[in-house]
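[1] For reference, the sequence and a predicted model appear below.
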Amino acid sequence: VTNMALVSLFISKKRMNEGLGYYNAVMLIGQAVAPSIAQYLIGTVGFFWLYIIVGLFIMLPPLFCLTMKMPEAAAATPSTAAATSKRRFSIDNFVVRHLILYAIVGSVFSFYNGIANSFMLLLGEARHIENISLFFTVSSGVLLAVRIFGSSLTDRLNMNWLVNGALVTSIISLLLISKTHSLSLVLAAAALKALGQGVGQVVLQGEALKRADPGSLGIATGTMFMGNDLGNTLGPVIGGAITDSLGYWAMFYVGIAAFALAMAAFIIYQKRKQQTAA
């Protein structure tokens, strides 16, 4: 939360999605290469020195922060609402209310992540789909490409169209995988899932930070992450309960329903917001 709030201070609002896309891409690269590096270090120097080396690397970012010159936006006076909320207990200390729906919409992408990470290999065994682990390879590759090459494009396109397009893309992905026994369709679903997630989450995060004032950037970021965490948590729990009683196809159809409801709520909210602004 702190990192993303800090990063947003260094990005102009016109290029917020592009900046967040690069930031998320770097995290994705780190998650991809870390296991291989760790395995190499365990084999060469052992567990003890692995943790010593990791600890030393973790000490570097605070040192870098000492050399950073904070942008003027960081020194801006906090908003009246933020200043007031600090003096008393309030829900505004924890969430930005007008971003709650954005967080809920973002949570459905994480919900899909949760069921995919928990059940994809089991689905391959149940349906006799060999090499289904390639789902994660394709998904990670496409997600990285979208965040590196596609984020700058989203800054120039209509936010409503982008989010709705991402939701529809995810629905198509779930439809493809709901009853298929074909690896090719599974990989197509993986690519569509990554495309929807890569565009949808970055655009929602970018819009949240664009609309937040400097005094509530951390709370705005935390609000969006709450949605992500909620989806990651509920995905395996709900998915497991549905699969046990009805099967995998039902789990994916519940995911489709969640995306459809999120899209309907987002469209209604955006229309009301536009009418209020007019």
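    Yes, it's here. Remember, predicted model here, so these are calculated numbers, not experimental data.

[2] how long is stretch 213-220 from one end to the other?
    9 Å (CA to CA, to the nearest Å).

[3] again with stretch 206-224
    OK, stretch 206-224 end separation, CA to CA: 10 Å.

[4] From here on, call the first residue 339.
    Noted, 339 is the first residue going forward, which turns the last one into stretch 544-562.

[5] Which positions in that stretch come out as buried?
    Residues of stretch 544-562 classed as buried: 544-548, 550-562 (neighbour count, 16 or more other CB atoms under 10 Å). (Each C-beta comes from the backbone N, C-alpha and C, glycine too.)

[6] same question, stretch 428-446
    430, 433-434, 437-446.

[7] can you give me the end-to-end distance of that stretch?
    Taking CA to CA as the criterion, the two ends of stretch 428-446 lie 27 Å apart.

[8] any idea of the mean pLDDT in that stretch?
    Mean pLDDT, stretch 428-446: 88.

[9] what sits up against that stretch?
    The contact list for stretch 428-446, computed with CB atoms under 8 Å, 6 or more residues apart in numbering, reads 419-420, 422-424, 501, 505, 508, 538-539, 542-543, 545-546, 549-550, 554, 557-558, 560-562, 564-566, 568-569, 572, 593, 596-597, 600-601, 603-604, 607.

[10] what about burial for the residues you listed, which qualify?
    By 16+ other CB under 10 Å, the contacts of stretch 428-446 give 420, 423, 501, 505, 508, 538-539, 542-543, 545-546, 550, 554, 557-558, 560-562, 564-566, 568-569, 572, 593, 596-597, 600-601, 604, 607 as buried.

[11] Next step: these restricted to strands.
    Among the buried ones among the contacts of stretch 428-446, DSSP state E puts none in strands.

[12] Buried residues, stretch 603-616. List them.
    Neighbour counts over stretch 603-616 (16+ other CB under 10 Å) mark F604, Y607 as buried.

[13] any idea of the mean pLDDT in it?
    85.

[14] what distance separates that stretch from the middle of the whole chain?
    The chain centre lies 23 Å from the centre of stretch 603-616; the measure is CA atoms, centre = their mean, to the nearest Å.

[15] how about the CA coordinates for that stretch, as PDB?
    The C-alpha trace of stretch 603-616 is given here as PDB (Å, rounded to 0.1, in the frame of the first residue of the first chain):
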ATOM      1  CA  ALA A 603     -23.100  -2.300 -11.000                       C
ATOM      2  CA  PHE A 604     -20.200  -0.500 -12.600                       C
ATOM      3  CA  ILE A 605     -22.300   0.700 -15.500                       C
ATOM      4  CA  ILE A 606     -25.100   2.000 -13.200                       C
ATOM      5  CA  TYR A 607     -22.600   3.700 -10.900                       C
ATOM      6  CA  GLN A 608     -20.700   5.400 -13.800                       C
ATOM      7  CA  LYS A 609     -24.000   6.700 -15.300                       C
ATOM      8  CA  ARG A 610     -25.100   8.100 -12.000                       C
ATOM      9  CA  LYS A 611     -21.800   9.800 -11.500                       C
ATOM     10  CA  GLN A 612     -22.000  11.400 -15.000                       C
ATOM     11  CA  GLN A 613     -25.500  12.600 -14.300                       C
ATOM     12  CA  THR A 614     -24.400  14.100 -11.000                       C
ATOM     13  CA  ALA A 615     -21.500  15.800 -12.600                       C
ATOM     14  CA  ALA A 616     -23.800  17.300 -15.300                       C
END
